[in-house]
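Trainee: What follows is a predicted protein model with its sequence.
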Amino acid sequence: MTRLHELAFSYRLIRDLPGARMEPAPSRQTPGIFFAEVQPTPVSHPELLIWSPEAAKLLDLPPVLDLEEIQLAAEVFSGNRLLPGCRPYATRYGGHQFGNWAGQLGDGRAHTLGEVVNARGESYEIQLKGAGTTPYSRGADGRAVLRSSLREFLCSEAIFHLGIPTSRALCCVTTGDQVVRDMFYDGNPRPEPGAITTRLAPTFLRLGHFEILAAREENELLGKVVATAIQLHFPVLAAKHGLSENSSITDDLLVDWLDDVSTRTADLMVEWQRVGFVHGVMNTDNLSILGITIDYGPYGWLDDYDPEWTPNTTDAERRRYRFGHQPSIALWNLSRFGSALLPLASDSKAMIPRFEQVLERYRQRFGSRYLAMRARKIGFEIHASEDFPESVQTLLHQLDDLLVAVETDMTLFYRLLSKTMALAPQDSRGWLAAISECFYVEVLPSDVETQWLTWFDRATPLWRSDLALPEGSTDPLQGRSSLMDSVNPFFTLRNYLVQEALDELAEGRRGRMDELMAALKSPYADSAETRPFFRKRPDWARTRAGCSALSCSS
Ligand code: AMP
Ligand code: MG
């Protein structure tokens, strides 16, 4: 176990890359460098709000802190105190925002304290979000409000416990300072409590880190950053292609790397779609090269299943980042990433068809895995490599229509279905009655009811048969029910739940926040911790800000 004051930082990412020591202000373009060495700006009264014992383990830090350590954690993870050997920096990146090239962005409110290697040899970047301005703040304040910080903290940990790749959150510290935000973008800015989230990831490198270098034709630096990223985070590829400090990047390596990043991203998209997570701002600067979920902003979770839904008010009109669009947006982002790598190819024109093949593989991989995932959600164990039974495909198509015919709660539907599976009702009326709690309407319109009954008539013989039966099932319905419980969460971090926790915090109570923290740790279990949250979004939350829609203001 490492004590907090013993945390030892290393700097493998920036060691051989160009950087410069800089004052945070003014915001500026920083051609020719990868990072700016810049100090956090102190806050007035840092207090540790919440600590993740599981994330602490990644750094070998204690799961529970004593009083002295709580004090020190507040100082260190607000940026007020730098531990010996700590040299914070902010990195330069660019990105496509809402489909348009936005130029240089960069860590405008993120300071990387350094990397920490744990006893298992795993390395994590430690990053403070909200610890003040950097050269990349673009005139903004470098701060974060408590509401967005707690949302990031809880959601990172919730996504992790769902088994989905993500950055982690170590802790959240309130700053004692107010931050002014115009939450509704309606010309009424008001002060809100500020906070800083400490987040961890093997790296926070994103697609935009490469895009900015290509856009500015800094090809030599682009090559260096690509080589560093591959050496540190894609060791299998580096070994396969004999990438060493003195060797150059080959065309084959570029193709393999784009393929690896695409594969991870495709798999991540399957996972987001599985649980009903909507990222909300899938700009290229918010997509990780590791295929992990990063940059939690105006994200949301589907209550009623609606592929058209986006939580982000900034995107309300065009709905670029709506739930059903996420997989194709990820592909669009990957094509931008591919373009950014082209300057490194020996013949960029000749490279284009090879990159296009990679993107085509993304489509195929996502397509087959998405179908297999959907099949598992309704109890059929079909592997992505197998032929997909026509009958299951038809069931899924019909289900797509049914889930949007009337508002249907996604989480409740799948779990009530698996529960019903274990009860094995006699007829389709019995099945429909057993799941009826998932509908937001009191009474189903008769045509929708008929469609559901027909669907159950079609599905139940398949469920009772041995078609795509989960391995080891003795009883088909029981076997399918267990499979479904392992892929359909019982608990998701519904938008209104975090809002309730924030409302309580504003009154000095932390009960709801702690209850959510306990529930999110076993999201597939029907347990004392999760059961209170197994219910539909209440009516009051339908239209309330923070529950139904979120602005980017954070
Ligand atoms: P986001 O949409 O949150 O991923 O942020 C896009 C860009 O804006 C990134 O470069 C952020 O660092 C920057 N940014 C967002 N909020 C702030 C802020 N309050 N102060 C400085 N930079 C910010
Ligand atoms: Mg971002």
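Mentor: Arrived safely. Ligands and ions are numbered 1, 2, ... in the order given.
Trainee: contacts, neighbours, all on C-alpha from now
Mentor: Fine.
Trainee: Return the set of buried residues in the strand or helix carrying residue 367.
Mentor: Under the criterion of DSSP states H and E, residue 367 resides in helix 348-377. Applying a neighbour-count criterion of 16 or more other C-alpha atoms under 10 Å, one finds 351, 355, 358-359, 361-363, 365-377 buried in helix 348-377.
Trainee: swap in stretch 296-305?
Mentor: Of the residues in stretch 296-305, those buried by neighbour count under the rule 16+ other C-alpha under 10 Å are 296-305.
Trainee: Which residue ranges of this protein form strands?
Mentor: 19-21, 35-37, 47-51, 89-91, 94-97, 100-104, 110-117, 123-129, 144-145, 168-181, 190-201, 277-278, 300-301 (DSSP state E).
Trainee: Export those strands as TSV, with columns for mean pLDDT and distance to ligand 1.
Mentor: Supplementary listing: the strands of the chain in TSV, determined by pLDDT from 0 to 100; distance: least, C-alpha to the nearest ligand atom, whole Å:
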stretch	mean pLDDT	distance to ligand 1
strand 19-21	98	18
strand 35-37	98	13
strand 47-51	98	20
strand 89-91	98	9
strand 94-97	98	8
strand 100-104	98	8
strand 110-117	98	7
strand 123-129	98	9
strand 144-145	98	6
strand 168-181	98	9
strand 190-201	97	11
strand 277-278	98	15
strand 300-301	98	15
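Trainee: Could you export those strands to JSON lines, including columns for distance to residue 504?
Mentor: Listed next are those as JSON lines, based on distance: least, C-alpha to C-alpha, whole Å:
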{"stretch": "strand 19-21", "distance to residue 504": "42"}
{"stretch": "strand 35-37", "distance to residue 504": "38"}
{"stretch": "strand 47-51", "distance to residue 504": "13"}
{"stretch": "strand 89-91", "distance to residue 504": "34"}
{"stretch": "strand 94-97", "distance to residue 504": "34"}
{"stretch": "strand 100-104", "distance to residue 504": "38"}
{"stretch": "strand 110-117", "distance to residue 504": "27"}
{"stretch": "strand 123-129", "distance to residue 504": "23"}
{"stretch": "strand 144-145", "distance to residue 504": "16"}
{"stretch": "strand 168-181", "distance to residue 504": "15"}
{"stretch": "strand 190-201", "distance to residue 504": "14"}
{"stretch": "strand 277-278", "distance to residue 504": "24"}
{"stretch": "strand 300-301", "distance to residue 504": "20"}
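Trainee: List just the one of these that sits closest to residue 516.
Mentor: Closest of those to residue 516 is strand 47-51, at 11.9 Å (criterion: C-alpha to C-alpha).
Trainee: Residue 57 is nearest to which of the strands of the chain?
Mentor: Minimum separation from residue 57 across the strands of the chain (C-alpha to C-alpha) falls at strand 168-181, 9.4 Å.
Trainee: Quickly run through the sheet partners of that closest one, with directions.
Mentor: Looking at strand 168-181 with DSSP bridges, its partner strands are strand 47-51 (antiparallel), strand 190-201 (antiparallel).
Trainee: hey, which of the ones you listed is tucked in deepest?
Mentor: For the strands paired with strand 168-181, ranked by mean neighbour count under the definition mean count of other C-alpha atoms under 10 Å, the leader is strand 190-201 at a mean of 23.
Trainee: and the chain, which residues reach ligand 1?
Mentor: Where the chain comes near ligand 1, counting by C-alpha under 6 Å from any ligand atom, the residues are 105-109, 137, 140-144, 286, 295.
Trainee: go again using 5 Å as the cut-off
Mentor: If contacts are counted using C-alpha under 5 Å from any ligand atom, the residues of the chain sitting beside ligand 1 are 105-109, 137, 140-143.
Trainee: Tell me who's in contact with residue 280.
Mentor: 297-300, 310-312, 321-322 (C-alpha atoms under 8 Å, 6 or more residues apart in numbering).
Trainee: Which two among those residues are spaced furthest apart?
Mentor: 297 and 322 (14.2 Å).
Trainee: from the chain's centre, how far out does the helix holding residue 367 sit?
Mentor: Taking the mean of its C-alpha atoms, helix 348-377 sits 20 Å from the chain's own mean (C-alpha atoms, centre = their mean, to the nearest Å).
Trainee: so what are the domain limits for this protein?
Mentor: Using automatic domain parsing, the domain parsing of the chain gives 4-204, 208-375, 388-554.
Trainee: Same list as before, the ones you listed that is, but in TSV and with distance to residue 382 included.
Mentor: Putting the domains of the chain into TSV (distance: least, C-alpha to C-alpha, whole Å) gives the following:
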stretch	distance to residue 382
domain 4-204	20
domain 208-375	5
domain 388-554	6
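Trainee: out of the ones you listed, nearest to residue 381?
Mentor: Judged by C-alpha to C-alpha, the one of the domains of the chain that comes nearest to residue 381 is domain 388-554, at 5.1 Å.
Trainee: rewinding a little: please name whichever of the strands of the chain is nearest to residue 79.
Mentor: strand 123-129 (7.5 Å).
Trainee: that older thread, with distance to residue 381 added, can I get the strands paired with strand 168-181 in a markdown table?
Mentor: Written out in a markdown table, the entries for the strands paired with strand 168-181 read as follows (distance: least, C-alpha to C-alpha, whole Å):
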| stretch | distance to residue 381 |
| --- | --- |
| strand 47-51 | 38 |
| strand 190-201 | 32 |
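Trainee: could you dump stretch 84-99 to PDB, C-alpha only?
Mentor: This file holds the C-alpha atoms of stretch 84-99, laid out as PDB (Å, rounded to 0.1, in the frame of the first residue of the first chain):
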ATOM      1  CA  PRO A  84       7.600  16.200  -4.400                       C
ATOM      2  CA  GLY A  85       8.500  15.400  -8.000                       C
ATOM      3  CA  CYS A  86       5.200  16.500  -9.400                       C
ATOM      4  CA  ARG A  87       5.400  18.600 -12.600                       C
ATOM      5  CA  PRO A  88       1.900  19.300 -13.800                       C
ATOM      6  CA  TYR A  89       1.200  19.800 -17.500                       C
ATOM      7  CA  ALA A  90      -1.600  20.400 -20.000                       C
ATOM      8  CA  THR A  91      -1.600  19.000 -23.500                       C
ATOM      9  CA  ARG A  92      -2.300  20.400 -26.900                       C
ATOM     10  CA  TYR A  93      -5.000  18.900 -29.000                       C
ATOM     11  CA  GLY A  94      -7.600  20.000 -31.600                       C
ATOM     12  CA  GLY A  95     -10.800  18.500 -32.800                       C
ATOM     13  CA  HIS A  96     -14.000  18.400 -34.800                       C
ATOM     14  CA  GLN A  97     -16.800  19.800 -32.800                       C
ATOM     15  CA  PHE A  98     -20.300  18.900 -34.000                       C
ATOM     16  CA  GLY A  99     -18.900  18.000 -37.400                       C
END
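Trainee: what's the distance between it and the middle of its chain?
Mentor: Worked out by C-alpha atoms, centre = their mean, stretch 84-99 lies 18 Å from the chain centre.
Trainee: quick one: buried residues of it?
Mentor: Residues of stretch 84-99 classed as buried: 86-96, 98 (neighbour count, 16+ other C-alpha under 10 Å).
Trainee: How about residues contacting it?
Mentor: 8-9, 30, 33-40, 101-108, 110-114, 134, 136, 207-212, 281-285, 320.
Trainee: mind listing the helices for the stretch 451-554 of the chain?
Mentor: If DSSP state H, counting those that start in this stretch is used as the criterion, the helices of the stretch 451-554 of the chain fall at 476-487, 495-506, 511-519.
Trainee: Quickly compare the ones you listed and say which is most buried.
Mentor: Burial among the helices of the stretch 451-554 of the chain, expressed as mean neighbours by mean count of other C-alpha under 10 Å, is greatest for helix 476-487, which shows a mean of 22.
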